[in-house]
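Chemist: just the structure for this:
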Amino acid sequence: MWRGLYTAAAGMIQETQRTDVISNNLANVNTNGFKRDVAVSEEFEPMLIRRINDKDMRNDVTSFKGFSVGGQPPIVGTLGLGSEIAEIATDRSQGNFETTGNPYDIAIAGNGYLEVQTPQGVRYTRDGALFRSAAGQLQNVRGQAILGTNGQPINIPANTTEVSFGANGQILVRVAGQDGQQQVGQLALVDFADRRALLKQGDNLYYPQQGAQPQAATGTIEQGVLERSNANVVEEMVQLINNYRIYEAGSKSVTTQDSMLDKSVNDVGRLT
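Modeler: Next up is the predicted model:
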């Protein structure tokens, strides 16, 4: 009975953590380049159950005229001991593209990340909502510098009248009073051999695990569009409702187990 309480409680804890993951997905359905998370469950090692009192051959129901199925008690089956969240995995599938018409809005078609300079060091993102700061630096909406292939921030000249991004990240600008376009830099578009090496930091940024090295990405840059979140509101709401029902079933199981335990302690063993 105690085991049943712990098994049900473990399931409730698991569903609470899953609710947190789903809630975070729902909160970021309008976040550019956001990748939804999935809570992956793992079952505890099940317990092997055998019938008791069968080691005594006089009570061994499997023995007949000196024959027995074995020296150990017969196996009844296995008993589950609950489960837990083994991993919060990230679904890195491509989000839908939304046309904005803003020349500083870009999206990565395929695999790849932009490099961002932060106080914690270089971080990575797929959020392509960029702008030119008052000082002429190419930055994201949080004011963090976007890095080029040389590892330095990219500067857009003053009096720039036109800016265009090439498929490989080249940045070409047209400056008032000058003929033709000039290249002022190239976006550092990188990827990782093992995408699981990138972990979420927050603020739509990723940081690499120790030892993970970036490499050239296979994706291409699309200008004038933004990648939307790959979280679907309807799917997440359906999962949230289903998660609530599972949690409710676990809660009822705990209540039932507690009621049975109370009766066995206070009623079954009472002397009359």
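Chemist: show me what the longest helix anywhere in the chain is packed against.
Modeler: Looking across the chain with DSSP state H, the single longest helix is helix 233-263. Helices and strands in packing contact with helix 233-263 are listed as helix 2-27; criterion 3 or more C-beta pairs under 8 Å, 6 or more residues apart in numbering; DSSP states H and E. Every residue, glycine included, has its C-beta placed from N, CA and C.
Chemist: mind listing what's buried in the helix it packs on?
Modeler: Residues of helix 2-27 classed as buried under the neighbour-count rule (16 or more other C-beta atoms under 10 Å) are 4-5, 7-15, 18-19, 21-22, 24-26.
Chemist: now stretch 42-49
Modeler: Buried residues in stretch 42-49, counted by 16+ other C-beta under 10 Å: none are found.
Chemist: give me the distance from it to the chain's centre.
Modeler: The offset between the C-alpha centroid of stretch 42-49 and the centroid of the whole chain comes to 26 Å, using C-alpha atoms, centre = their mean, to the nearest Å.
Chemist: neighbouring contacts of it?
Modeler: Under the contact criterion C-beta atoms under 8 Å, 6 or more residues apart in numbering, stretch 42-49 has outside partners 10, 75-87.
Chemist: output that stretch as CSV, nothing but the C-alphas.
Modeler: Extracted as CSV, the C-alpha positions of stretch 42-49 are listed here (Å, rounded to 0.1, in the frame of the first residue of the first chain):
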residue,chain,number,x,y,z
GLU,A,42,11.3,7.2,-18.1
GLU,A,43,9.9,4.3,-16.0
PHE,A,44,11.6,3.2,-12.8
GLU,A,45,13.1,-0.3,-12.8
PRO,A,46,10.1,-2.6,-12.3
MET,A,47,10.0,-5.1,-9.4
LEU,A,48,9.8,-8.8,-10.1
ILE,A,49,7.0,-10.4,-8.1
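Chemist: so among the contacts of stretch 42-49, where is pLDDT lowest?
Modeler: Lowest pLDDT within the contacts of stretch 42-49 is found at I75 (65).
Chemist: tell me where the model's unsure across the stretch 151-272 of the chain.
Modeler: 269-272 (pLDDT under 70).
Chemist: so the closest residue to D194 other than its chain neighbours is in which element?
Modeler: Leaving aside its chain neighbours, D194 sits nearest to A212 (7.0 Å; criterion: C-beta to C-beta, 6 or more residues apart in numbering). Element membership for A212, per DSSP states H and E: none, as it lies in no helix or strand.
Chemist: how close does A212 get to G151?
Modeler: 17 Å (C-beta to C-beta, to the nearest Å).
Chemist: look at the two and report which has more neighbours.
Modeler: Under the neighbour definition other C-beta atoms under 10 Å, A212 and G151 were set side by side, and A212 has more, 16 against 10.
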